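> kindly generate the corresponding structure for this input.
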Amino acid sequence: METTPWMGRDEGPGAIHTRWHHMVYAGRVQKEDDPKGLAIFGFESHEGTIRNQGRPGAAKGPFQIRHALAELAFHGGQIVHDRGNVAVDGHDMEKAQADAADKLAEIIPEHRMTVVLGGGHETTYAAYSGLAASGELNGVKKWGMISFDSHFAVRNTPQPTAVTAVRQVITDEKKAGRDFSCSVVGVSEVSNTRAQFEHARDLELSYLKDEECAECRIQDVLEFVDRQLADLDLVYLSVDMDVLPGYQAPGVSSPSSLGVPMIVLLEAVKRIAQSGKLAIMDVVGVIPEFDLDHRTARAAARLIDQATLTAFGRPAADAADTPEHRELLAERQRALHSQGLS
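Reported below is the predicted structural model:
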């Protein structure tokens, strides 16, 4: 029986055969003299979804996304550090969020980029809290969050849930007095009441509706993303998998009847990663129990792969044989050798 998600096929020795599972250093802290690489961290929670009367099961999402990643071909060079999980004990979501924030406050400065796997959308507030406590926002003139989600996640309820995360972030940033902007791409009119659109207006959120994100309007989406990025020094990217059409992401609490097509989302994520401003990314909402053919987990893994590959400036798998590409393969070979896999 599997005890680790980092398992996959092995097609041969050397850097040209690597998959993600070959490149993961589970439990090992990055050394000071190592080139800053990529960190993976999981938040095992669906308490926020339960509080919002949604379908539970996202607590198992981090394992399934890791396993989907493990099977992908690896075209980067950076070492991947799996820094473990924090899980909700019972229903104490707030305690788990604080624990995750404490861990992430240590993890984020040690790595060039951190990817946080949910869990429900309450993962976003935990990850944001870790970023805020990490010191990475000190001295940043302006930063922002770009969220891909069918919901605004700005509900005003007495108790935090999965759909209060963005409001919590905005509230904390106002208290901190930092220059901050937030935008949401993929908002569904049928999933958000008039009250939520009014909340979004009051909070000065920029947004695109899902009907504005059709494949034929991909350039409009990319231009919107460019405008959000223009004056930012640092960006947090959040992807709730329910933003995709239901046939592409069935394994979520509330599958979308329309959604943002995968190719549009992939290109938008690539554009954000190309900016050089991406510090942290979360991918949330995967519920393995309802995930037909693991479509949602595989889509999540593809988005993470694209974001990290682009953020680290790696050439495509079919790139020409250049000195840059040979150095990438050599870097990957050194990483394999250090694990005894070459």
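> now do the end-to-end distance for stretch 50-69.
Taking CA to CA, to the nearest Å, stretch 50-69 runs 27 Å from one end to the other.
> what about it, average pLDDT?
For stretch 50-69, mean pLDDT rounds to 96.
> let's number from 8 now, not from 1
Shifting the count to begin at 8 puts that one at stretch 57-76.
> buried sites along it?
By 16 or more other CB atoms under 10 Å, the buried positions in stretch 57-76 come out as 57-59, 61-62, 64-76. Yep, even glycine has a C-beta here, placed from its N, CA and C like the rest.
> do the same with stretch 249-265
249-253, 255-263, 265.
> which residues in this structure form helices?
Taking DSSP state H as the test, the helices found in the chain are 54-58, 68-77, 100-117, 129-141, 172-183, 201-209, 225-236, 269-281, 302-318, 330-345.
> tell me which residues in the third one are buried?
Along helix 100-117, the positions that meet the burial threshold by neighbour count (16+ other CB under 10 Å) are 100, 103-104, 106-108, 110-112, 114-115, 117.
> out of those, which comes closest to A280?
I115 (16.8 Å; CB to CB).
> what's near enough to touch the closest residue to that closest one other than its chain neighbours?
Excluding the flanking residues, the one nearest I115 by CB to CB, 6 or more residues apart in numbering is S141, at 4.2 Å. By CB atoms under 8 Å, 6 or more residues apart in numbering, the contact list for S141 reads 111-113, 115-116.
> need these in CSV with distance to Y32, can you?
Formatted as CSV, the contacts of S141 follow (distance: CB to CB, whole Å):
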residue, distance to Y32
L111, 18
A112, 20
E113, 16
I115, 17
P116, 18
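> looking at those, which is nearest V161?
Set against V161, the nearest of the contacts of S141 by CB to CB is L111 (22.6 Å).
> which residues does that closest one contact?
Applying CB under 8 Å, 6+ apart, the residues near L111 are 48, 121, 123, 133-134, 136-138, 140-141.
> so which of those residues is the closest to P42?
T121 (15.3 Å).
> what is the burial count for the closest one?
Residues near T121, counting by other CB atoms under 10 Å, number 25.
> also the one 10 residues further on?
When neighbours are defined as other CB under 10 Å, T131 has 31 of them.
> OK, contacts around the closest residue to it other than its chain neighbours?
Once flanking residues are discounted, T131 sits nearest to A172: 4.2 Å by CB to CB, 6+ apart. By CB under 8 Å, 6+ apart, the contact list for A172 reads 55, 128-132, 135, 160.
> most widely separated two among these?
G55 and Y135 (13.7 Å).
> so which of those two has more stuff around it?
G55 (31 against 25).
> wait, that one touches T131, no?
No. Here G55 does not reach T131: they are 9.5 Å apart, not a contact under CB atoms under 8 Å.
> so what's the residue lying closest to Q166 once chain neighbours are set aside up against?
Nearest non-adjacent residue to Q166, counting by CB to CB, 6+ apart: R58, 6.2 Å away. R58 makes contact with 100, 166-169, according to CB under 8 Å, 6+ apart.
> so which of those is the most crowded?
A169 (31 neighbours).
> what sits against that one?
55-56, 58-59, 61, 127-129, 160, 260.
> same thing but at 6 Å, please
Taking CB atoms under 6 Å, 6 or more residues apart in numbering, we find A169 in contact with 55-56, 59, 127-129.
> quick check: mean pLDDT of stretch 236-245?
Stretch 236-245 carries an average pLDDT of 98.
> check contacts around the nearest residue to S261 once chain neighbours are set aside.
The shortest distance from S261 to any non-neighbouring residue, by CB to CB, 6+ apart, is to D249 (5.6 Å). By CB under 6 Å, 6+ apart, the contact list for D249 reads 157, 259, 261, 263, 292.
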